[in-house]
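S.K.: Structure of the sequence below:
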Amino acid sequence: MDARPGPAPLLIACALGIEHLALRAGDRGGAGGPVTVLRTGMGPKAAERSVARLLADPALAGAAVLATGFCAGLAPGMHPGDLVVAEETRDPRGAVPCVGTELLVKELVRTVPGRTVHTGPLTGSDHVVRGHERSDLLATGAIAVDMESAATLLCAVRAGERPVAAVRVVVDAPEHELVRIGTVRGGISAFRVLRSVLPAFFEWHRSLLLPRR
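M.R.: Numbering: from 1, shown residues only. Okay, here's the model as predicted:
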């Protein structure tokens, strides 16, 4: 009888109910191991609390962690429905390098054809970014901003060695700023893209499983 442990689990973390709904409606087939989709609540503190609490479960020891959901694009030319694959996440406490960026880009291009995929630093904020704040953050080298990814990945790596990544869908951008996610075309487009990305996440997880111990 094979007594070796199974593959490390995958934790997919998002903040909002609409993001969670999109992920729950996605194709859950093809997962390479146990998958948990966690709704953390909005903001870095809520994300950190929720992720820390879940990763304290021994069943999630060594789990790969992927932060996802919507984001604000910072660079001119970005559009709602574009994808952002973080090379690293940043907040005032430091930066966390992401694992398997090239693989994620490749799989997202295949999974969501026709969508532009941007790569670069993803910065964290404790509030919704508007107006001139976009250009200030762009000047730091970041290409997009959200409120939870940096806190999620920092908490994850502090809890133990594991692969981490962040993939976000642009819901607004400098030329396409919106106020309410669910009531405009950009928000609907972003929802549909987020609903489609799970196969790419599963392929990333399958290719980057931690060695058996």
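
S.K.: Heading C-terminal from the strand or helix carrying L66, find the next helix or strand.
M.R.: Assessed by DSSP states H and E, L66 sits inside strand 64-73. Using DSSP H and E, the helix or strand that directly follows strand 64-73 along the chain is strand 83-91.

S.K.: Please name the strands paired to that following strand in the sheet, noting orientation.
M.R.: According to DSSP bridges, strand 83-91 forms sheet pairs with strand 94-97 (antiparallel), strand 117-124 (parallel), strand 164-172 (antiparallel).

S.K.: for the next helix or strand after the shortest one, what is the average pLDDT?
M.R.: Pointing back at strand 94-97 there. If you walk from strand 94-97 toward the C-terminus, the next helix or strand you reach (DSSP H and E) is helix 101-111. The pLDDT scores in helix 101-111 average 95.

S.K.: Buried ones in helix 101-111, by neighbour count?
M.R.: For helix 101-111, burial by neighbour count (16 or more other Cβ atoms under 10 Å) applies to T101, L103, L104, V105, K106, E107, L108, T111. Any C-beta I mention is one placed from the backbone N, CA and C, and that applies to glycine too.

S.K.: Give the full set of residues in contact with the second one.
M.R.: Going back to what we said before, that points to L103. E203, W204, S207, L208 (Cβ atoms under 8 Å, 6 or more residues apart in numbering).

S.K.: In the protein, which residue is most central in space?
M.R.: With distances taken as Cα atoms, centre = their mean, the residue of the chain nearest its centroid is T68 (2.3 Å).

S.K.: I'd like to know how far A67 sits from G73.
M.R.: According to Cβ to Cβ, to the nearest Å, A67 stands 16 Å off from G73.

S.K.: again with V128
M.R.: 14 Å.

S.K.: Then V145?
M.R.: Taken as Cβ to Cβ, the spacing of V145 relative to G73 amounts to 8 Å.

S.K.: what do you get for E133?
M.R.: 13 Å.

S.K.: Lowest mean pLDDT among the helices and strands of the protein, which one is it?
M.R.: In the chain, no helix or strand scores lower on mean pLDDT, DSSP states H and E than helix 185-196, which sits at a mean of 80.

S.K.: Counting by contacts, list what that one packs against.
M.R.: helix 17-24, strand 64-73, strand 164-172 (3 or more Cβ pairs under 8 Å, 6 or more residues apart in numbering; DSSP states H and E).

S.K.: can you state the direction angle for it and helix 101-111?
M.R.: For helix 185-196 against helix 101-111, the angle by axes from the mean of the first three to the mean of the last three Cα atoms, to 10 degrees is 100 degrees.

S.K.: Once you drop chain neighbours, what's closest to P34?
M.R.: P9 (4.2 Å; Cβ to Cβ, 6 or more residues apart in numbering).

S.K.: burial count for the one you found?
M.R.: P9 is flanked by 22 other residues according to other Cβ atoms under 10 Å.

S.K.: which residues does it contact?
M.R.: By Cβ under 8 Å, 6+ apart, the contact list for P9 reads G33, P34, V35, T36, A59, L60, G62, A63, A64.
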